[in-house]
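Asker: What follows is a protein structure lacking sequence information:
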């Protein structure tokens, strides 16, 4: 058997949910799956690729260690179990990878860890150095400290942000089904697989999967993660967690069709090798990366930060921002929420408004307000509320000082893609 050498080194992020690696009833680690993941990661490393694992399971392993049958509802108790389980989970990963002489590193994150731009860049540099050292980073949300305000919500979202952070080529979301279907395959025998997705808005599949009792995500969170990945230029793949070998086979398939100058979005039954043997891949759903991905800083503004309020702006201000102008106070119609200087806010565009609307009645406008992006503001909510609708030359007299003539600089503003989502 000959080894196929990689045409170019890739960066591959593999996300594993709790239900993929911990038995739902006994809470015991599923060693067969973990071992196959390790073998797959090792094979990819031998071919020159960089591999990142985003691994859930700390709470599940903690339940087993403490002989607790069900995941508790009490947050401090969950965090305590995560602290117990995280040690054992990393020990397990380290032990398995040690058999193949592959070093691993633990990276625990919350949103607070990447909210500061310097820390975000530091995290990118850490990943780059680990890759250079031949280490496989294992990422998890820091459940021992995270509360709802600083949580990513689920590891699907964390994996997409990680993939964007490391500029990954592929993000694999391992789940309990082979791919997306046109309907729920468990209840509808006519359900057909969806193999390639260019536009998530066009998907009509049933994505209401509730997930397992141990995990926090379902198929809907994977759709969100795929949307984030696509916007950052990452091809996102959903495939079956019980068959980790699929990852290597899919990577090889994608490299082969790219080597044949074939669009990576082609159906899995189409291209052929020079020996006329059809190229095949295990069943999966592939979300094609955007041809015009947003830049790293823009992605950080949109998804690395938690917005603390909302600025409603008029259509003229929105057009000016799209033409690379900064946000002037004259274009701000209303301020919601309480936030400080240099905190992130949502940007919402309102169409032409009446005088009543400027006084807070948003029933009088010619179109529904729509969220278009995020901004880091130069003033807090109280200050912006006082200067909104006024000229920049009036800021000094209204506030008693003028730190900037702009509410937000253009480089601190980022927009979602055309459909309002990334």
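Answerer: Happy to help now that I have it. Treat the numbers as computed from the prediction; the structure is a model and nothing was measured.

Asker: Which SSE is immediately downstream of the helix or strand hosting residue 126?
Answerer: Assessed by DSSP states H and E, residue 126 sits inside helix 117-132. As assigned by DSSP H and E, the chain's next helix or strand after helix 117-132 is strand 136-141.

Asker: which other helices and strands contact that following strand?
Answerer: The contact analysis (3 or more C-beta pairs under 8 Å, 6 or more residues apart in numbering; DSSP states H and E) places strand 136-141 against strand 50-55, helix 75-98, strand 104-109, helix 117-132, helix 155-165. No exception for glycine: its C-beta is placed from N, CA and C like everyone else's.

Asker: Determine which of the ones you listed approaches residue 41 most closely.
Answerer: Closest of these to residue 41 is strand 50-55, at 4.7 Å (criterion: C-beta to C-beta).

Asker: Next, the angle strand 136-141 makes with the closest one.
Answerer: Using axes from the mean of the first three to the mean of the last three C-alpha atoms, to 10 degrees, the inter-axis angle of strand 50-55 relative to strand 136-141 is 30 degrees.

Asker: residues contacting the residue most central in space within the chain?
Answerer: The chain has residue 160 as the residue nearest its centroid, 2.6 Å off, counting by C-alpha atoms, centre = their mean. Applying C-beta atoms under 8 Å, 6 or more residues apart in numbering to residue 160 gives the contacts 171, 224, 225, 226, 228, 229, 232, 234, 236, 303.

Asker: That one and residue 319: what is the separation?
Answerer: Distance, residue 160 to residue 319, using C-beta to C-beta, to the nearest Å: 30 Å.

Asker: for residue 250, same thing?
Answerer: Between residue 250 and residue 319 the computed distance is 43 Å (C-beta to C-beta).

Asker: Pick out whichever of the two has more residues nearby.
Answerer: Taking neighbours as other C-beta atoms under 10 Å, residue 250 and residue 319 compare with residue 250 leading, 21 against 12.

Asker: Now do the helix or strand hosting the more buried one against strand 50-55, angle only.
Answerer: Element membership for residue 250 (DSSP H and E) is helix 245-259. Between helix 245-259 and strand 50-55, the angle comes out at 140 degrees (the same axes, to 10 degrees).

Asker: Next, the buried residues of helix 245-259.
Answerer: By neighbour count on 16 or more other C-beta atoms under 10 Å, the buried set for helix 245-259 is 246, 247, 248, 249, 250, 251, 253, 254, 255, 256, 257.

Asker: What is that helix packed up against?
Answerer: Against helix 245-259 (3+ C-beta pairs under 8 Å, 6+ apart) you get strand 11-16, helix 31-46, strand 170-175, strand 235-240.

Asker: and among the helices and strands packed on strand 136-141, the most buried is which?
Answerer: Each of these was scored by mean neighbour count; the highest is helix 155-165, a mean of 27, by mean count of other C-beta atoms under 10 Å.

Asker: can I see the domain layout of the chain?
Answerer: Listed domain ranges for the chain are 11-261+279-296, 307-415 (source: the TED database).

Asker: so which of the helices and strands packed on helix 245-259 comes closest to residue 296?
Answerer: Residue 296 lies closest to strand 11-16 among these, at 13.7 Å (C-beta to C-beta).

Asker: next structured bit after that closest one?
Answerer: Proceeding N to C from strand 11-16, the next assigned helix or strand is helix 18-21, under DSSP H and E.

Asker: now that following helix: mean pLDDT?
Answerer: Mean per-residue pLDDT for helix 18-21: 83.

Asker: what's near enough to touch the nearest residue to residue 388 once chain neighbours are set aside?
Answerer: Closest residue to residue 388 in three dimensions, ignoring its sequence neighbours and counting by C-beta to C-beta, 6 or more residues apart in numbering: residue 332, at 4.0 Å. For residue 332, the contact set (C-beta under 8 Å, 6+ apart) comprises 311, 312, 313, 317, 384, 387, 388, 389, 407.

Asker: how about the second one, phi and psi?
Answerer: The one in question is residue 312. Note on residue 312: backbone dihedrals following degrees, to the nearest 10 are phi -90, psi 120.

Asker: name the element the closest residue to it other than its chain neighbours belongs to?
Answerer: Nearest non-adjacent residue to residue 312, counting by C-beta to C-beta, 6+ apart: residue 334, 4.1 Å away. Secondary structure from DSSP H and E places residue 334 in strand 332-337.

Asker: what's next to the helix or strand following that strand, contact-wise?
Answerer: Once the chain leaves strand 332-337, the next helix or strand it forms, by DSSP H and E, is strand 344-350. With C-beta under 8 Å, 6+ apart as the test, strand 344-350 has contacts from 301, 305-315, 318, 333, 337, 339, 357, 362, 365, 367, 369-377, 413, 415.

Asker: do stretch 54-67 as well
Answerer: Contact with stretch 54-67 is made by 13-18, 20-22, 26-29, 68-71, 78, 80-86, 88-89, 92-93, 138-140, 143, 155, 158-159, 162, 214-215, as judged by C-beta under 8 Å, 6+ apart.

Asker: gap between the two ends of it?
Answerer: 25 Å (C-alpha to C-alpha, to the nearest Å).

Asker: about what we covered before: reformat the buried residues of helix 245-259 as CSV; add pLDDT.
Answerer: Listed next are those as CSV, based on pLDDT from 0 to 100:
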residue, pLDDT
246, 92
247, 95
248, 94
249, 93
250, 94
251, 94
253, 91
254, 89
255, 86
256, 83
257, 79
